[in-house]
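Novice: sequence? don't have it. structure:
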């Protein structure tokens, strides 16, 4: 029983880290999968397989290497020279993603609740400090609470969507202007980018659990849950006509069919942003602690100050250059992870 409890906690952290604001709004799923129709559904199944296989492998390798941060895993995969480049990009991307998440949390308060953005930002920082003060147990607790609610909400939306009179027609529909190359690449690039970022959390979490059976099972459960969430979101999104033209397609669906639970949807968005934020900050703290011999409280303080300052800048242009470049490294990351044998690594 203890093994299964630990595995579900690991799975919740895995799911909570991968799921972010783009997941909650539906925009991310539309861009990678839903706009490709039935072929996009097949791409989801492939991405899910990668999440199941490689999410587990990241954590097992972390225990084999006795790694405490993603830097050590990258060195094993890329070699000492290329790993340094990858680690720099990882740190830049994690800081950038954290800043965007913090800004997004403030935007939820401003746009959906009519509360000043700075109040939302400070509220989120306060919650983050409370969770970080507890450490990995705080990460486990938040994700164990938030992730099941996310899943229930997704399946609630799906149950109504599958009764839509055009559901099956839209499920098997294939766009006439389908770009085969983009469809083929989408499941790999989606899984690669998310796994490359998630390793910042999965590696130190595995290092603390130190039980390969528990983390492997947790990775499998987490990968299955991510697959089911992707499928349920896809089934919901295909019922919205011209879904690719909406900035927040899920909001349009909720407002049209579930206005009574719109406030819950807002809380779900905030929860998904928050779980990603605390996971990425946790990974950053583990990395920073390798370079600075100061108490972890000060490291968290420095990280929060940095992302707080950066959250007021517009990241669209910056990330539009960094994301594609990081994406290539991410594809290389999952390829190397995939081909590495499942045996004990030599430290």
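Specialist: Yes, it's here. Not measured: the values here are computed from a predicted model.

Novice: low-confidence stretches in the stretch 201-347 of the chain?
Specialist: When residues are selected by pLDDT under 70, those of the stretch 201-347 of the chain lie in 247, 313-327, 342-347.

Novice: contacting residues for residue 211?
Specialist: 3, 6, 63 (C-beta atoms under 8 Å, 6 or more residues apart in numbering). Backbone N, C-alpha and C define where each C-beta goes, glycine included.

Novice: who's in contact with residue 113?
Specialist: So residue 113 contacts 120, 266 (C-beta under 8 Å, 6+ apart).

Novice: let me see the confidence value for it.
Specialist: On the pLDDT scale, residue 113 is placed at 79.

Novice: residue 204 reaches residue 282, doesn't it?
Specialist: Yes: with contact defined as C-beta atoms under 8 Å, residue 204 and residue 282 form a contacting pair (7.0 Å).

Novice: any residues in contact with both of the two?
Specialist: residue 136.

Novice: specify the local secondary structure of the residue nearest to residue 18 when sequence neighbours are not counted.
Specialist: Among residues not flanking residue 18 along the chain, residue 194 sits closest, at 4.9 Å (C-beta to C-beta, 6 or more residues apart in numbering). Using DSSP: H, G, I helix; E, B strand; the rest coil, the structure places residue 194 in helix.

Novice: residue 194: neighbour count?
Specialist: 23 (other C-beta atoms under 10 Å).

Novice: ok, residue 104 next?
Specialist: Residue 104 - counted by other C-beta under 10 Å - has 25 other residues nearby.

Novice: is it true that it touches residue 276?
Specialist: No: contact criterion C-beta under 8 Å: residue 104 and residue 276 do not qualify, at 9.4 Å.

Novice: just to revisit the earlier point, any chance of the contacts of residue 211 in TSV, with neighbour count and secondary structure too?
Specialist: Listed next are these as TSV, based on neighbours: other C-beta atoms under 10 Å; DSSP: H, G, I helix; E, B strand; the rest coil:
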residue	neighbour count	secondary structure
3	12	helix
6	18	helix
63	20	helix
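
Novice: want to throw those residues into JSON lines with distance to residue 72 and pLDDT?
Specialist: Output for those, formatted as JSON lines (distance: C-beta to C-beta, whole Å; pLDDT from 0 to 100):
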{"residue": "3", "distance to residue 72": "26", "pLDDT": "82"}
{"residue": "6", "distance to residue 72": "22", "pLDDT": "83"}
{"residue": "63", "distance to residue 72": "11", "pLDDT": "90"}
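
Novice: redo the residues you listed as CSV? Include distance to residue 303.
Specialist: Below are these laid out as CSV (distance: C-beta to C-beta, whole Å):
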residue, distance to residue 303
3, 33
6, 27
63, 26
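
Novice: spit out the contact partners of the spatially closest residue to residue 55 that is not a sequence neighbour.
Specialist: Nearest non-adjacent residue to residue 55, counting by C-beta to C-beta, 6+ apart: residue 219, 4.1 Å away. Counting by C-beta under 8 Å, 6+ apart, residue 219 touches 10, 11, 14, 52, 55, 56, 57, 58, 59, 60, 202.

Novice: what's the closest non-adjacent residue to residue 278?
Specialist: Per C-beta to C-beta, 6+ apart, closest to residue 278 is residue 131, 5.2 Å.

Novice: phi first, then psi, for residue 69.
Specialist: The phi and psi torsions at residue 69 (degrees, to the nearest 10) take the values phi -150, psi 160.

Novice: so how far is residue 48 from the closest residue to it other than its chain neighbours?
Specialist: Distances taken as C-beta to C-beta, 6+ apart place residue 286 nearest to residue 69, at 4.4 Å, with adjacent residues excluded. Between residue 286 and residue 48 the computed distance is 27 Å (C-beta to C-beta, to the nearest Å).

Novice: same drill for the two, tell me which one is more crowded.
Specialist: residue 286 (24 against 21).

Novice: the more buried one contacts residue 72, correct?
Specialist: No: in this structure, residue 286 is not within contact of residue 72 by C-beta under 8 Å, at 10.2 Å.

Novice: okay, and the common contacts of those two?
Specialist: Counting by C-beta under 8 Å, 6+ apart, the residues touching both residue 286 and residue 72 are residue 203.

Novice: out of the contacts of residue 211, which comes closest to residue 238?
Specialist: residue 6 (36.3 Å; C-beta to C-beta).
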